[in-house]
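J.: mind folding the following:
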Amino acid sequence: MEVKNDYYIKKKNKFMRDFDDSLHAVKQFLLKKYDMKETEEFINSMKVEFENMIPDIPFIGGQKNPTTLILVKCISDLAVFRVLERAEYDFIEIGAFHYNYSMKIHEERKTMLEKAGRDSSQYPFEAAYKDYQKTLCENTLKKTYPDDFVMEYVPGDDKTFDWGWNIHECAVQKAFTKLGNERYLPFICLGDHYEGEGLGFGFSRTQTLGFGAPSCDHRFVKNSKTPTAWPPYDLKEYNEKYFKRN
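T.: Predicted coordinates:
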């Protein structure tokens, strides 16, 4: 099957706007170290970096696949990582920076959900959301696009978790590898913990592809809290081999 790449080029303006919206959180933490002029230079470099990467994002179905937006978001994070690396941030500094701006964004998401009358700690456990995830997983198992996720839905045991995914293939891992930046995949994986911490729902995992495991075992835990995952050294999934400390 021919996999076309022009989807991202056609949607470039939208993706750039979305990235621009998220950069306010990045800017906040740059300003702790740099003046406004230097910070704006960083922000502009990140925009250019992301724009240049857009045509190279692997096609996994476009609008027909909801995980396309997840992949694009992770590529935008990579643009931030690359610019920080060129500014001589070391690996751990980049990871800490990612944690800080991610938590700022989740804090804002939590506030928006609350204003809309929704409990951010409960949305992963809503019946409609779980049904949506079941269908999504079934579609990925068809392996229509070679660069897509391959996930299976895991029903809860009513004791240790409510539901989960087993992710056997990760679109983000494939994309980061193709772009020569697989070393940054652990930061993206840790973002799952950050979301749980920031929005207030329970999340757990014992292994993940980003730390060298053969699959990821995401578990969503009702009426629980996700502990802080930065730094990640005490997590069950942590593997020092995949966490460069320069």
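
J.: local confidence estimate at F29?
T.: On the pLDDT scale, F29 is placed at 98.

J.: so what's the residue count around the nearest residue to it once chain neighbours are set aside?
T.: With CB to CB, 6 or more residues apart in numbering as the measure, N100 is the residue that lies nearest to F29, at 5.1 Å, once sequence neighbours are left out. The C-beta positions use only the backbone N, C-alpha and C, and glycine is treated the same way. Burial of N100, expressed as a neighbour count using other CB atoms under 10 Å, amounts to 16.

J.: can you point out the buried residues in the longest helix seen in the chain?
T.: Looking across the chain with DSSP state H, the single longest helix is helix 91-115. Within helix 91-115, the residues that qualify as buried are 91, 94-95, 97-106, 110, 113, counting by 16 or more other CB atoms under 10 Å.

J.: who does whichever strand or helix holds D217 pair up with?
T.: Assigned by DSSP states H and E, D217 falls within strand 216-221. Strand 216-221 has the following sheet partners, assigned by DSSP bridges: strand 163-169 (antiparallel), strand 202-204 (antiparallel).

J.: pLDDT at M1, what is it?
T.: Looking at M1, its pLDDT stands at 42.

J.: show me where this protein has its helices.
T.: Assignment of helices within the chain using DSSP H yields the ranges 6-10, 12-30, 36-53, 67-86, 91-115, 127-140, 171-178, 185-199.

J.: buried deepest among those helices, which one?
T.: Most buried of those by mean neighbour count (mean count of other CB atoms under 10 Å) is helix 185-199; its value is a mean of 22.

J.: contacts only, for E195.
T.: For E195, the set of contacting residues under the criterion of CB atoms under 8 Å, 6 or more residues apart in numbering consists of 102, 106, 203.
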